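In: Here is my input; please provide its structure:
(chains A, B and C)
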Amino acid sequence: MVTTTAELAEDEDGRARFDALIAADQRIEPRDWMPDKYRRTLVRQISQHAHSEIIGMQPEANWITRAPSLKRKAILMAKVQDEAGHGLYLYAAAQTLGISREEMTAQLIEGRARYSSIFNYHTPTWADMGAIGWLVDGAAICNQVPLCRASYGPYGRAMVRICKEESFHQRQGFEILYELSHGTPEQKQMAQDAVDRWYWPSLMMFGPSDDASPNSAQSMAWNIKRFSNDELRQRFVGMCVPQFEALGLECPDKDLRYDEETGTWITGEIDWDEFAAVLDGRGPANAARLRHRREAHDDGAWVREAAAEYARKQHDSERVAV
Amino acid sequence: MSEHSGAHGDVSVDELTLAEELLGSGTTATPPVAEYAMRLGDDALILSQQLGGWISRAPELEEDLALGNIALDLIGHARALLRYAGTASDRSEDDLAFWRDEPEFRSCWLVEQPNGHFGDTIARQFLFSAYQVELYQALATSTDPSLGAIAGKAEREVAYHLDHAAQWMLRLAGGTEESRGRITVSLGDLYPYVDELFEDDELTDRLAGVAPRPSSLRAGFDRTVASVLAEADLETPAVKPARGDGRRGGHTASMGYLLAEMQWLARRHPGATW
Amino acid sequence: MPTPGETGTEAWPLWEVFVRANRGLSHVHAGSLHAPDEAMALRNARDLYTRRSEGVSIWVVPAAAITTSDPDAKGAFFESPAGKNYRHAVYYTRAEGVKHL
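Out: The predicted structure follows:
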């Protein structure tokens, strides 16, 4: 492709406008000129986020048919259904950047896309529904609230809707754990066991430490990201401490301490090797998650084709009628 | 539930508990009314349980949402009906859902037919919703205020379920050759379980005024089904009815597996709250 | 210019959804979705964008049918009203302190 001088000049104008908008903390909208790398970063981040919502349905959907009370069954269905909705909002936001949902779905089921590695853990007990709601959704909310102000308009708007709808997700998880930790000894043990398994992975959800996070600085400069990984992790741990107490459960981090001087929580050593392994596809459930998604997609192909074909026929017959 | 905050409403866990008017407002059901409410409640519960198995597996994300909404409506009906049924024997909705054995369930055979593929699920939903629309329309004027209130709310919801299923009947029948073949087979497989829905028995005879006689709902059902099938250019299947025995506690083989999955956790922890 | 998002290559096209929150209000853009045709688009919109009773009426529009202004032409396109502040009530100051004006 040959770039003409006119195009170059247009790029320069566009860049100046883009930089001015970012500097003024204004939003970028789909048809605005934007640097290629900004667009690519957003497509990657928003589609990963959408994939996480969709894959994230699985560990919980797995318990809908076994929920121990009708009220819990209804709540869990509503929650997993919300996650499908959130995936949809995010795919639509990414689509405004020029990538179709079909392409993103193909990337996901062919194993070419990433999603939050937290969903590559299994959910062997009912208490995992509590731990996911309380810790995983809790961590997600810490990450997501600042994204409501992300510089890309459609992303920010999707996140506003998602955050509003998610307000009940964390609470229902906390409530599940509360009932369990105040129930029979077996129930309490089930709750502690689930929290032990989900606590560390939920801290990893904030991503590597700032000094080991390659994309963070640029994303912050572009107002896509508003706080560093470590800042958000700190904030989350600080919120969890009194909640552990309310639940009557023990925090699995035995080295956790509050540093009076800096006013921050110092966590024990996070196992970043585990994080890297799961992210790299070597987690307990990576293969199962992709297979489930691929099968749903493949099993539904004849249905999607039928509806598309029906629409085509209706359209053609209308044209004939005219 | 008309309170809004911002552009979209917030929902809290509490809002998912039952609305006051559906709780029977302290009324105790008589044993025959309780038995009747249990039939309806079990139908809704079993179908909701089945649809719950679709979430995360639908042909497209939009359909995950749609099936989820239907399942949520149905579990709402089930909870209201089972609560009311339980007032006769001092049992909670969960006592009835999780602690009864298979022969004590009163659900019809249509709802316990397996999910199968999407066409099977749609055909099952289409037939059952067409029945429920007639049922709840008639029941809304029940002399029993609790049943009437439950039916009045459910009536509007099942009308949407029917519409959704009918839309898909048209698309699958009028889509590709493959989809037409599949939905034709699905309809034929499920049609034998229709007759059971409209059988009168000693209980429904006794409940004149409280509940419509099932046989009186058949004509409306037939009209609805016939008009959708005509538009879809499908034949009403010429199949022999199965001798469904759900109202007396007889069930097909799939019911055992369904209940085992649904009840397993609750039963492992007797007396526990969740 | 076409609206952003529609690729024209997908089996189910993209639809834009507008929801009226209450009687007396305008339909406001809520988001988008995929559907094979307009009947399903309406139903999908109902299931996706009004599951917390957010609306009393829905519009769905094929994304491909929406024409948007060109942001790069922003200067020329939106310049004219800028010089016409006499279109706004605050331009007129003589009436200050006089009631019912």
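In: In the stretch 51-200 of chain A, what residue comes closest to chain B?
Out: A:Gln81 (3.5 Å; C-beta to the nearest C-beta). All C-beta spots, glycine's among them, are computed from the backbone N, C-alpha and C.
In: What is the burial count for that residue?
Out: When neighbours are counted by other C-beta atoms under 10 Å in any protein chain shown, A:Gln81 registers 26.
In: Same check on A:Pro284?
Out: Neighbour number of A:Pro284 under other C-beta under 10 Å is 11.
In: before we move on, what about A:Leu108?
Out: A:Leu108 has 23 nearby residues by other C-beta under 10 Å.
In: and what of A:Thr267?
Out: 17.
In: and what of B:Val185?
Out: Under the criterion other C-beta under 10 Å, the count of neighbours that B:Val185 has is 16.
In: Identify the residue spatially nearest to it, adjacent ones excluded.
Out: Spatial nearest neighbour of B:Val185, chain neighbours left out: B:Gly119 (7.8 Å); criterion: C-beta to C-beta, 6 or more residues apart in numbering or on different chains.
In: Now the one you found: which helix or strand?
Out: helix B:118-139 (DSSP states H and E).
In: And B:Gly250, by the same measure?
Out: Assigned by DSSP H and E, B:Gly250 falls outside every helix and strand.
In: list the contacts for the closest residue to chain B within the stretch 151-300 of chain A?
Out: Here the residue of the stretch 151-300 of chain A nearest chain B is A:Gly300; by C-beta to the nearest C-beta that distance is 2.6 Å. If you count contacts by C-beta atoms under 8 Å, 6 or more residues apart in numbering or on different chains, A:Gly300 has them with B:Ala58, B:Pro59, B:Glu60, B:Glu63, B:Phe118.
In: Can you name the residues of chain C that neighbour chain B?
Out: Residues of chain C lying close to chain B (C-beta under 8 Å from any C-beta of the partner chain) are C:12, C:21, C:28, C:30, C:33-36, C:39-40, C:43-44, C:47-48, C:51-54.
In: and chain A, which of the residues you listed contact it?
Out: Within the residues of chain C next to chain B, those near chain A by C-beta under 8 Å from any C-beta are C:Trp12, C:Leu33, C:His34, C:Pro36, C:Met40, C:Leu48, C:Arg51, C:Arg52.
In: got CSV for the residues you listed, with secondary structure, pLDDT and neighbour count too?
Out: Listed next are those as CSV, based on DSSP: H, G, I helix; E, B strand; the rest coil; pLDDT from 0 to 100; neighbours: other C-beta atoms under 10 Å in any protein chain shown:
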residue, secondary structure, pLDDT, neighbour count
C:Trp12, coil, 94, 21
C:Leu33, strand, 94, 29
C:His34, strand, 95, 25
C:Pro36, coil, 96, 26
C:Met40, helix, 96, 26
C:Leu48, helix, 93, 23
C:Arg51, coil, 87, 20
C:Arg52, coil, 87, 17
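In: Columns distance to A:Ala277 on top of these, output as CSV?
Out: Shown next, in CSV, are these (distance: C-beta to C-beta, whole Å):
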residue, distance to A:Ala277
C:Trp12, 37
C:Leu33, 36
C:His34, 35
C:Pro36, 41
C:Met40, 42
C:Leu48, 36
C:Arg51, 38
C:Arg52, 39
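In: State the pair within the residues you listed that is farthest apart.
Out: Farthest pair in those (C-beta to C-beta) is C:Pro36 and C:Arg52. Separation: 25.5 Å.
In: Regarding the chain, what is its longest helix?
Out: As the question left the chain open, I've gone with chain A. helix A:153-181 (DSSP state H).
In: not what I meant, chain B
Out: Per DSSP H, chain B has its longest helix at helix B:145-173.
In: Can you name every helix or strand that that helix contacts?
Out: helix A:301-321, helix B:31-52, helix B:61-86, helix B:118-139, helix B:177-190, helix B:218-232, helix C:38-49 (3 or more C-beta pairs under 8 Å, 6 or more residues apart in numbering or on different chains; DSSP states H and E).
In: Identify each buried residue in it, please.
Out: Under the neighbour-count criterion of 16 or more other C-beta atoms under 10 Å in any protein chain shown, helix B:145-173 has B:146-147, B:149-155, B:157-158, B:160-162, B:164-173 buried.
In: again with stretch A:281-291
Out: Buried residues in stretch A:281-291 (16+ other C-beta under 10 Å): A:Gly283, A:Ala285, A:Asn286, A:Arg289, A:Leu290.
In: Give me the pLDDT value at the second one.
Out: Yep, that's A:Ala285 we're talking about. Here, the pLDDT recorded for A:Ala285 equals 94.
In: what's it in contact with, if anything?
Out: Counted by C-beta under 8 Å, 6+ apart, A:Ala285 has contacts A:Pro59, A:Phe119, A:Asn120, A:Tyr121, A:His122.
In: Just confirm the second one contacts A:Ser52, I think it does.
Out: Yes - applying C-beta atoms under 8 Å as the test, A:Phe119 and A:Ser52 come out as touching, 6.6 Å apart.
In: quick one: low-confidence parts of chain B?
Out: B:1-25 (pLDDT under 70).
In: 80 instead, please
Out: Along chain B, the parts satisfying pLDDT under 80 run over B:1-26.
In: Can you tell me who the residue nearest the centre of chain C pairs with across the strands?
Out: Centroid-nearest residue in chain C: C:His29, 4.9 Å away (criterion: C-alpha atoms, centre = their mean). Counting by DSSP bridges, C:His29 forms beta bridges with C:Phe18.
In: got the residues of the stretch 101-250 of chain A near chain B?
Out: A:126, A:161, A:164-165, A:167-168, A:171-172, A:175-176, A:179-180, A:183-184, A:186-187.
In: Just the buried ones from the residues you listed, in ChimeraX syntax?
Out: Burial among these is assessed by 16+ other C-beta under 10 Å; the matching ChimeraX selection reads:
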select /A:126,161,164,165,168,171,172,175,176,179,180,183,187
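In: which ones among the residues of the stretch 101-250 of chain A next to chain B come in contact with chain C?
Out: With C-beta under 8 Å from any C-beta as the criterion, these include A:Arg161, A:Glu165 near chain C.
In: which one of the residues of the stretch 101-250 of chain A next to chain B sits closest to B:Leu190?
Out: Looking across these and measuring by C-beta to C-beta, the closest to B:Leu190 is A:Trp126, at 32.9 Å.
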